[in-house]
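> Kindly return the folded structure for what I paste below:
(chains A and B)
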Amino acid sequence: MLVQEIPKGYNPNVYFSSSINLSKKPLAVFEKPATPTPLIAGAESDAQLDTPAELTSLQRGKRNTGVVNYNISQLSQQSTTTYVQQTSQATLTLLEERKSSKRFQELDRENYAQDKTFEIPKNGFTKNRTGVTHNTKRILASRKNLGNYIDELDDQTIGLVFNLESYEDKNTTNKNAIKLCSICGNNASMKCVRCGVRFCCLKCNNLHNDTKCTSYSG
Amino acid sequence: MPTIIIDNGSYEIKIGHALTGKKGTSSPRKILNCVAKSKSGEYLIDGQILSHSEANLFVKRPFEQGQLTSWELERSIWDYALGEVCGEVEASECDLVLSETAYTLPQLSINTDQIVFEEFGFEHYYRAPLASYIPWNQSMNQKIFGNQQSTPDEDSHTLDVAPYDNFQLVVDSGFNCTWIVPVLYGVTYWPGVKKFAIGGRLLNGYLRELISYRHYNLMEETLLVNHIKEETCFVASNFPKMVQQYHDRGRKNREVVQYALPDFKTSNRGYVVTDNTQTEDERQILTLRDERIAVPEVLFHPELANILNKPGIIKHILDAIHLCPPLLQPLLAANIILIGGNVKMDGLRSRLESELKKELPQEWSVRVAVGKTKGVDTDTYGWWSMNEFVSQDGFEQVKVSKKEYFEHGSNWCQQRFGFQ
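Numbering: from 1, shown residues only, chains lettered A, B, ... in the order given. Purely as a prediction, here's the structure:
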């Protein structure tokens, strides 16, 4: 669980408590709660509470349960990410999902064949740079790829950075989908019974069976 | 002190000196943001890549999924670019304004700051996502919205109000992906930012596959396919109907294009055959029909390329609008600006506008404008906005100096510029 200080500039009397289940309720704001709850966070404002009895019980509760402070900007960001997650309903089977992302990577690759011998030119093109300070030496020699950097991230940043895409709603899927022949690109109304790929005419069907059909044995 | 502006795109770096006052006198240099390796083991950069008379280049970019990860490569390219633009002037005597991807990983941003100050030693520095510079460019924003002939609705309430300088929905469609960034009062509204994973690179991949299956094998020719896409592709206004037209036999179709593939002797990029060009007989001719519209259509319907788990660009724009405060949503819908190299395709603006009008409430006026005026194209629009940012003294107020950086450290820098 993340323990975070409330940054300067926020109203110290407005608190969020970890007892709220974020996945069920979007947001809940307490402004100096009238009824004392055992999980009010924040050490600075303890003195503002009314009775010393409440104060001690609060402090005890705080020590035992490890109360967490969230700050407001984080919470609002989390609420947007939960909004996204709620809309992401599984409209596809796992297999389709995996196929699609594999296909995406295949198309999104710039070089068709990997060149293992690609060495970053050490001398550069105009100047030889190996770094002036300790930091830059480290950066220029690091050879880390994106995966390494992602491994170093905490869950919250991952939730922010990798939750930016929209997902298809259940109701709208396939409603407006365009169906094209996989051979010639014309509008196609028929599907291959074996593999489900579309074709538009007999000629394309034959071509499809000869070349592209993955489960054709005739 | 000269100010250098770098729009660090994942396809091209747009770099140039800040110009004050005079506009359109010179435009930023565009330098390919990659290093290529030829089959014979030579390493090539920018101009060498374009003029290289050999096929099968292996291209390596410092960006991975839009994130600037490899400074080993980027430093070489920056060294070259700065040498081209600055000439004799050392980087340590200049200021730098830099653009970055929205939602860059914090560690990578810190790396950038460290390289900028400690390696290149710029004197003053500011970085932000490209979209957040767009509001500075008021004059051009007004011009592109003014040029556009939007149908004046008598019932619409929103069009009567003066231009909404304070709200923009920036759709930055680049090589790597498409960012949809709401900018409210000149500040990026982070919760509303959306990323649409399809950009120019995926369109290249799809075109590469279509051509290789139907015509010639171009699977290795990334750069050539990219050029073919730029020259020939456009967005259809009514896709199913147009596909039908392409496949009607007996009908003479004007939209068919013939592209002469390069022979790597006289030219190495190829060209579109028109009536005026004399074609030599030995040239291989590529005839493109429905590929021309099928490729850009992937932006709207990713399922064409068998990508079933992503909805199209329209859904992303709608989601970005709906994540913003409800009162501002109509204003954002009326101020959509398209920038980025991918937007150069003809017909994208009108198609987006008509599709959005179908989805958004009827009483909202939807205005989409392409960031393109005289002398400024969509890919350099961001650079000119950054230029306005400098010339209108925005830079003076927010810049970080080298002294401050060494006093407070790189984490402080990230706190000032970062997204959190």
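> Mind pulling up the pLDDT for residue 202?
In the absence of a named chain, chain A is used. We note a pLDDT of 88 for A:L202 in this prediction.
> looking at chain B here, not the other one
So, for B:L202, pLDDT stands at 92.
> My guess is it contacts B:K310. True?
No - counting by C-beta atoms under 8 Å, B:L202 does not reach B:K310; the two are 10.2 Å apart. Where C-beta positions appear, they are placed from N, C-alpha and C, glycine not excepted.
> which neighbours do the two share?
Common neighbours of B:L202 and B:K310, using C-beta atoms under 8 Å, 6 or more residues apart in numbering or on different chains, are A:F104.
> And these two? Which one has more around it.
The neighbour comparison of B:L202 against B:K310 (other C-beta atoms under 10 Å in any protein chain shown) goes to B:L202, with 25 against 21.
> That one in helix, strand or coil?
Here B:L202 is recorded as helix under DSSP: H, G, I helix; E, B strand; the rest coil.
> So B:I6, which state does it fall into?
Assignment for B:I6 (three-state DSSP): strand.
> residues contacting it?
Applying C-beta under 8 Å, 6+ apart, the residues contacting B:I6 are B:13-15, B:78, B:81, B:96-99.
> switch the cut-off to 10 Å
The neighbours of B:I6, taking C-beta atoms under 10 Å, 6 or more residues apart in numbering or on different chains as the test, are B:13-16, B:28, B:31, B:78, B:81-82, B:85, B:96-100, B:116, B:127, B:383, B:386.
> Any idea which residue of the stretch 201-350 of chain B lies closest to chain A?
In the stretch 201-350 of chain B, the residue that lies nearest chain A is B:G205 (3.5 Å; C-beta to the nearest C-beta).
> Confirm that residue sits in a strand?
No - counting by three-state DSSP, one finds B:G205 to be helix, located in no strand.
> Let me see the contact set for it.
Contacts for B:G205 were tallied using C-beta under 10 Å, 6+ apart; they are A:103-110, A:112, B:219, B:222, B:225, B:295, B:298, B:305.
> and chain A, what are its domains?
A:1-33+A:42-70, A:180-218 (automatic domain parsing).
> weakest of those in terms of mean pLDDT?
Ranked by mean pLDDT, the domains of chain A bottom out at domain A:1-33+A:42-70, with a mean of 50.
> Show the average pLDDT along stretch B:83-94.
Mean predicted confidence for stretch B:83-94 is 79.
> Report the separation between the two terminal residues of that stretch.
With C-alpha to C-alpha, to the nearest Å applied, stretch B:83-94 spans 13 Å between its terminal residues.
> of the contacts of B:I6, buried ones?
Among these, those buried by neighbour count (16 or more other C-beta atoms under 10 Å in any protein chain shown) are B:13-16, B:28, B:31, B:78, B:81-82, B:85, B:96-100, B:116, B:127, B:383, B:386.
> From those residues, which land in helices?
Members of the buried ones among the contacts of B:I6 lying in helices (criterion: DSSP state H): B:78, B:81-82, B:85, B:383, B:386.
> would you list these in JSON lines and tack on distance to chain A?
Converted to JSON lines, these look like this (distance: C-beta to the nearest C-beta, whole Å):
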{"residue": "B:W78", "distance to chain A": "10"}
{"residue": "B:A81", "distance to chain A": "10"}
{"residue": "B:L82", "distance to chain A": "9"}
{"residue": "B:V85", "distance to chain A": "13"}
{"residue": "B:W383", "distance to chain A": "23"}
{"residue": "B:M386", "distance to chain A": "23"}
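> and of the residues you listed, the nearest to B:E230?
B:W383 (18.7 Å; C-beta to C-beta).
> Just list the residues touching that closest one, thanks.
B:5-7, B:9, B:13-16, B:27-30, B:97, B:99, B:130, B:133, B:376.
> go with 6 Å
B:7, B:14, B:28 (C-beta atoms under 6 Å, 6 or more residues apart in numbering or on different chains).
> and which of those is nearest to B:S410?
B:D7 (22.3 Å).
> The closest one touches B:K14, doesn't it?
Yes - using C-beta atoms under 6 Å, B:D7 is in contact with B:K14, at 4.0 Å.
> re the thing from before, distance of the residue of the stretch 201-350 of chain B closest to chain A relative to B:K399?
Noted for B:G205: a distance of 40 Å to B:K399, by C-beta to C-beta, to the nearest Å.
> Same question for B:Q329.
For B:Q329 relative to B:K399 (C-beta to C-beta), the value is 34 Å.
> now B:E64
In this view, B:E64 and B:K399 are 29 Å apart by C-beta to C-beta.
> And B:S139, by the same measure?
Between B:S139 and B:K399 the computed distance is 23 Å (C-beta to C-beta).
> Next, count neighbours for the residue lying closest to B:M219 once chain neighbours are set aside.
Using C-beta to C-beta, 6 or more residues apart in numbering or on different chains and skipping the chain neighbours, the partner closest in space to B:M219 is A:Y112 (4.5 Å). Per other C-beta under 10 Å, the neighbour tally for A:Y112 reads 17.
> Now the phi/psi pair for A:Y112, please.
Dihedral pair for A:Y112: phi -70, psi -50, per degrees, to the nearest 10.
> likewise B:V35?
Per degrees, to the nearest 10, the backbone of B:V35 is at phi -120, psi 130.
> Check whether it really touches B:K60, as I assumed.
Yes - the pair B:V35 / B:K60 is scored as a contact, 5.3 Å apart, by C-beta under 6 Å.
> the more surrounded of those two?
B:V35 (27 against 17).
> Look up the pLDDT of that one for me, please.
Residue-level pLDDT assigned to B:V35 equals 87.
> same deal with the one 10 residues further on?
We note a pLDDT of 82 for B:I45 in this prediction.
> How many residues are close by it?
21.
> Run through the bridge partners of it.
B:V35 (DSSP bridges).
> just the helices in the stretch 101-250 of chain B please.
B:106-114, B:138-147, B:200-214, B:222-232, B:239-247 (DSSP state H, counting those that start in this stretch).
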